[in-house]
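[1] dropping a prediction and its sequence here:
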There are 2 protein chains.
Amino acid sequence: MIDSSQPDLNRRTEFTARYFVESSAPVAKVADVIAGEQSSGTFLALPGETDELKERARARVTDVRALAPVMEASLASAYVARRETPQLFHRGEIEIAFPVDNVGPNLPTLLSTIAGNLFELGEVTGLRLLDLDMPPDYAAAFPGPRFGIAGTRDAAGVHGRPLIGTIIKPSIGLLPEQTAELVDQLCAADIDFIKDDELLADPSYARFEARLAAVMPVLRGHAERLGRMPMYAINISGSIDDMLRRHDAVLAAGGNCVMVCVNWVGFAGVAHLRQHSELPIHGHRNGWGAFTRCPQLGFDFRAYQKLWRLAGVDQLHVNGIRGKFWEPDASVIASARACLAPFASVQPVMPVFSSGQWAGQAPDLYASLNSVDLMHLAGGGIIGHPQGIAAGVASMREAWQASVEGIALQDYARTRPALRAALEHFQAL
Amino acid sequence: MIDSSQPDLNRRTEFTARYFVESSAPVAKVADVIAGEQSSGTFLALPGETDELKERARARVTDVRALAPVMEASLASAYVARRETPQLFHRGEIEIAFPVDNVGPNLPTLLSTIAGNLFELGEVTGLRLLDLDMPPDYAAAFPGPRFGIAGTRDAAGVHGRPLIGTIIKPSIGLLPEQTAELVDQLCAADIDFIKDDELLADPSYARFEARLAAVMPVLRGHAERLGRMPMYAINISGSIDDMLRRHDAVLAAGGNCVMVCVNWVGFAGVAHLRQHSELPIHGHRNGWGAFTRCPQLGFDFRAYQKLWRLAGVDQLHVNGIRGKFWEPDASVIASARACLAPFASVQPVMPVFSSGQWAGQAPDLYASLNSVDLMHLAGGGIIGHPQGIAAGVASMREAWQASVEGIALQDYARTRPALRAALEHFQAL
C-alpha cells in the first residue's frame, strides 16, 4: 500500500523550486495548496486523483520556514476580501519538489510549473520564485550555454582579464555608416567588446543587413591589426526566421557574437537560436525590472539566471554598481555571483555589468567577486572620457590591473594619465 | 532649420504607449527621461544626437497628466536613496510616441522599446504599461490572429452562443487512455470545448503523441454524431521544433485547436507558430500574475492583450468572476472587454473565462459584456455537477439561454432540472 501523502522517492526524480510566500492561510497550508495546484490537485477533491496518480505526478512540500507575519497584505486579493478580514498575513519560505517526469526537458512547461498560475491564487498575497534546483542529468537535457565564459573568451581573444566594452550610442537613430565610423573609433581604442543597444534591431533607416555590411569590414580590419576581433554583439532580436537568418549572416561575415533580448524573444525562441547558433549569445534582460522590482512578487535573479542558463545564453546582464538603475549594489553583486556559481551540470554564464559604469567601480567589483570573468561595459565612462575613447578604454583596463594587483586606484594612477583623468573627471560627477 | 525638440510629424508615423509613472522627479521630467532613454537619448548629452538624428529616432512625450503624489515610494530605488530623501513622490499618467521606423514589425523590439529598461530607471519608483496604440497599417504588418472569434466558431461548429468548456483534471498525471476516457465522457455530454491543463504537455508517462493518438479517435467518433467536433485545445507548448511538429500532428489527426503557454513560449515562438499554424491558437497566460499584481509595476491587461493579438493568438484567458484567483470581478470584465474591443486593424480575440466557474456567473457575464463571443470554462461546475457531466454542460448552456433572454436563473430553472440542481448545489458552496 502506497502512502499517498508521500510519493515513493526511489521511483522518481524531482526538481525543486523555492518561494517566498505571503498568505491569509498559514504557510504550511498555502504550500500544500500550491503543490496541489501546480501538479495533480485542485480546489475540489477529484475522483481521478488516485494514489497511483499521486505517486506519479503529485508535487510535495519539502521545506516550510515561517517568517514574521505582517498586518497588511502586500498584494490585494479580491478572493480573500470576499471571505474574511484577516488579522494578519503569514509569511514564509517554502520549497516544493516536482516530478521530473511531469515536465521533461521542456522550458515553457518548466516555467508553467514553477512560475504559472500560482502567482494568481486567491489565498496568495505575495509570491516570489527565489531559486530552482535540479539533478545534473535533468539539467543536461536542456540546451545550456554552448560557449559560456571560456568560449566567449576564445571568440573575443581576451584572456585573464575582464572584457572591457561599450554600447553604441545614441542607442538608436544612427545610419549604418555612422555606426561603422563609431565602431572604427572604438576598435582603434583597442576595445574588447561592443554591443548594440536593445532598442536597435532593424530600423528602416539602418536595416540589419546594412549595418552588418557597414560594420564587419571595419571589425575585420582591426582584427588583422589586433590579432583578435573585438567582439561585437549585434542585436538580432526579431522573428525566429529573421534571427536565424541574421545569425547566419553574422557568422558568414566573420562576426563573433549575437545579442538577443531574452524576455521578449522568449524561452522557446532563445533555446531555438541556441540549438542553431555557432556564435556566443549575449543575453539582454531588458524588461527584467517588471519581473523583480516588487519584492513580494515575481522572480529573484538567482532563479532567473538559471532558467536562461538552461535556455543557453552565454552572457547575461546584471546592471552595474552605483549605476543609473534602481538596484542596490549588493543585489547587483549577488546577481553576478549567481551567474558564476555552479548549477547542476550547466556551465556558468559571463555576467555583464552595465549602466553608469567607469573605471572607478573596478576595485569594488573585483573585491566582491574575486574574479575577472565578466564584462565591464561603460558608455559615458569610455566615450565620455576627457582624453577620448582610447584613454577611456585604457582607464578601465588600468583600473582592473590595479584591482587585481591590490593597488589603490589613486596610487596606480600616478604614472597612468588615462586612469588619473578618469578619476578626476568621473569622481567629480 | 528643424526644431529639435519637436520632430516633424509629417515625415514620420508613430505608435504610442501609455504609462502610469511614479518618481522622485516631476512627472513631466521623468516622462522626458523615459522618452530619451527609450529612443536616442541617454543620461549624458551625446555628441552624436544631432537634430537630424532626433527627427528620425527620438521619441516624444505627447501627454502628461499629474495624479496626487504619495509620501512613500511604491518601489524602492537605491539610486534615489543615494542622492536625496524626497518629501514626496510624483505620480501621473504619460503617453509617449515612438517612431514606427525605429522598430518595424518586430515584436521583441517593440517590447524592448515600450517595456524594456524603463522599468529599471533609478528615478522611477513605479511604472506600469497601461496601453498601446498604433496606426492600422503598422499593426497589419504583425501576424495577428488568423482565426479570431469567427474562425474559432467555425472550427468548433458553435455559433450564436458561448463555447461551454472544461479542463482535463487532474491537471497532470493521467495516462493517455485515462485522458481519452474522460474526453469521451465530456463529448458524450455534448461539450463544446476541452482544454489541457497548462502543466500538461509531454510527461514521460503520457507523451504528447500517445495522448493525441488516444484522444483523436474519440473526438472523431463524437464529431460524426454531433455534426461538429468538440474543440480540443491540446497543449503543444515546448521547443519551436516540437511545437511545429505537434501542430502538424494535430492537424493531420483532424484536430481543431492548439494551446500554447504564451508567456513562457514567448513572443517570437508564438508568432512563429502563428505563421505556420492552420489551427486556432488557444493562448494560456499562466504566469500573468507576476506581470500584473503589483499595481505600480508591470502591465495592464489592456496593453498585454494587444501584444498577444499582434502575435496572433485567437483565444486568450481572462480568469473568471467570483473565481478562485486574486482578481477583482471588475478587472476580469475589463479584460474580456479589451479582448473584444477594436485595436487598429487587428481582429478581436475570444476571451476565455476560467477558474471557479459554473452556471451561476452567466447572467453577470452577459450583462457586463452584452456578448456571447466568449468561452466559459468550468471544471467543478461541469464535472462536479451533482447529476453528472451532461447535466453540468446543460446547466451552463441553460444559464446562458436564460441570460440572453433576460430571464432570471431561478425562473428559468423551474422547468430545467440540470440548471436547478446547479443552483441548489453550487450556490450553497
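    That came through, no problem.
[2] please enumerate the strands of the stretch 151-300 of chain A.
    In the stretch 151-300 of chain A, the segments counted as strands under DSSP state E, counting those that start in this stretch are A:163-167, A:193-195, A:231-235, A:258-261, A:281-284, A:297-299.
[3] pipe those strands into JSON lines and attach distance to chain B, mean pLDDT and mean neighbour count per row.
    Every C-beta, even on glycine, is put in place using the N, C-alpha and C of the backbone. Converted to JSON lines, the strands of the stretch 151-300 of chain A look like this (distance: least, C-beta to the nearest C-beta, whole Å; pLDDT from 0 to 100; neighbours: other C-beta atoms under 10 Å in any protein chain shown):
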{"stretch": "strand A:163-167", "distance to chain B": "9", "mean pLDDT": "97", "mean neighbour count": "25"}
{"stretch": "strand A:193-195", "distance to chain B": "13", "mean pLDDT": "98", "mean neighbour count": "25"}
{"stretch": "strand A:231-235", "distance to chain B": "8", "mean pLDDT": "98", "mean neighbour count": "28"}
{"stretch": "strand A:258-261", "distance to chain B": "5", "mean pLDDT": "98", "mean neighbour count": "27"}
{"stretch": "strand A:281-284", "distance to chain B": "8", "mean pLDDT": "98", "mean neighbour count": "28"}
{"stretch": "strand A:297-299", "distance to chain B": "5", "mean pLDDT": "98", "mean neighbour count": "25"}
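[4] out of these, the one nearest A:S345 is which?
    strand A:281-284 (18.6 Å; C-beta to C-beta).
[5] just checking: what are the partner strands of the closest one?
    Partners of strand A:281-284 in the sheet, by DSSP bridges, are strand A:258-261 (parallel), strand A:315-317 (parallel).
[6] could you dump those into TSV with distance to B:S24 added?
    Shown next, in TSV, are those (distance: least, C-beta to C-beta, whole Å):
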stretch	distance to B:S24
strand A:258-261	28
strand A:315-317	24
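[7] export the strands of the stretch 151-300 of chain A as CSV, with columns for distance to B:P108.
    Formatted as CSV, the strands of the stretch 151-300 of chain A follow (distance: least, C-beta to C-beta, whole Å):
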stretch, distance to B:P108
strand A:163-167, 18
strand A:193-195, 16
strand A:231-235, 9
strand A:258-261, 5
strand A:281-284, 10
strand A:297-299, 19
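[8] what is the neighbour count of the residue nearest to A:H222 when sequence neighbours are not counted?
    Leaving out its chain neighbours, the residue that sits closest to A:H222 by C-beta to C-beta, 6 or more residues apart in numbering or on different chains is A:C187, at 3.8 Å. If you count neighbours by other C-beta atoms under 10 Å in any protein chain shown, A:C187 ends up with 22.
[9] could you measure from A:C187 over to A:I382?
    For A:C187, the distance to A:I382 (C-beta to C-beta, to the nearest Å) stands at 12 Å.
[10] check which helix or strand A:G144 maps to.
    Taking DSSP states H and E as the definition, one finds A:G144 inside no helix or strand.
[11] where's A:E52 relative to B:C294, distance?
    Counting by C-beta to C-beta, the gap from A:E52 to B:C294 is 41 Å.
[12] tell me which of those two has more neighbours.
    B:C294 (24 against 12).
[13] so the more buried one sits right up against A:L297, yeah?
    Yes - B:C294 is in contact with A:L297 according to C-beta atoms under 8 Å; the separation is 5.3 Å.
[14] got the contact list for the residue nearest to A:H222?
    A:C187 sits next to A:I194, A:V218, A:L219, A:G221, A:H222, A:L226, A:P230 when contact means C-beta atoms under 8 Å, 6 or more residues apart in numbering or on different chains.
[15] from A:P280, how far out is it?
    Following C-beta to C-beta, the distance that separates A:C187 from A:P280 is 18 Å.
[16] quick one: low-confidence parts of the stretch 101-250 of chain A?
    When residues are selected by pLDDT under 70, none of them lie in the stretch 101-250 of chain A.
[17] contacting residues for the closest residue to chain B within chain A?
    In chain A, the residue that lies nearest chain B is A:G266 (0.8 Å; C-beta to the nearest C-beta). Contacts here follow C-beta under 8 Å, 6+ apart; on that basis A:G266 touches B:P108, B:N263, B:W264, B:V265, B:G266, B:F267, B:A268, B:G269, B:V270.
[18] secondary structure element for the first one?
    With the criterion set as DSSP H and E, the secondary-structure element containing B:P108 is helix B:107-114.
[19] now A:I389. Nearest residue, chain neighbours left out?
    Using C-beta to C-beta, 6+ apart, the closest residue to A:I389 is A:A189 (4.3 Å).
[20] correction: A:V61
    Nearest non-adjacent residue to A:V61 (C-beta to C-beta, 6+ apart): A:A31, at 4.4 Å.
[21] what's the answer for A:E49, then?
    Spatially, and ignoring its direct neighbours in sequence, A:E49 is nearest to B:P170 (4.8 Å; C-beta to C-beta, 6+ apart).
[22] how is chain A carved up into domains?
    Following automatic domain parsing, one finds the domains of chain A at A:9-139, A:148-426.
[23] now the longest helix seen in chain A, how far from the chain's geometric center?
    The longest helix of chain A (DSSP state H) is helix A:208-226. Relative to its parent chain, helix A:208-226 has a centroid offset of 28 Å by C-alpha atoms, centre = their mean, to the nearest Å.
[24] which strands or helices does that helix pack on?
    Packing partners of helix A:208-226 (3 or more C-beta pairs under 8 Å, 6 or more residues apart in numbering or on different chains; DSSP states H and E): helix A:176-188, strand A:231-235, helix A:240-252.
[25] swap in 6 Å and give it another go.
    If you count contacts as 3 or more C-beta pairs under 6 Å, 6 or more residues apart in numbering or on different chains; DSSP states H and E, helix A:208-226 packs onto helix A:176-188.
[26] can I get the CA coordinates of the helix it packs on in PDB?
    Taking Å, rounded to 0.1, in the frame of the first residue of the first chain, the C-alpha atoms of helix A:176-188 are listed here in PDB:
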ATOM      1  CA  PRO A 176      24.800  52.300 -40.900                       C
ATOM      2  CA  GLU A 177      27.900  54.300 -42.000                       C
ATOM      3  CA  GLN A 178      27.700  56.400 -38.800                       C
ATOM      4  CA  THR A 179      27.600  53.200 -36.700                       C
ATOM      5  CA  ALA A 180      30.600  51.800 -38.600                       C
ATOM      6  CA  GLU A 181      32.500  55.100 -38.000                       C
ATOM      7  CA  LEU A 182      31.900  54.800 -34.300                       C
ATOM      8  CA  VAL A 183      32.900  51.100 -34.300                       C
ATOM      9  CA  ASP A 184      36.100  52.200 -36.100                       C
ATOM     10  CA  GLN A 185      36.900  54.700 -33.300                       C
ATOM     11  CA  LEU A 186      36.200  52.100 -30.600                       C
ATOM     12  CA  CYS A 187      38.300  49.400 -32.200                       C
ATOM     13  CA  ALA A 188      41.100  51.900 -32.800                       C
END
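[27] cool, thanks, talk later.
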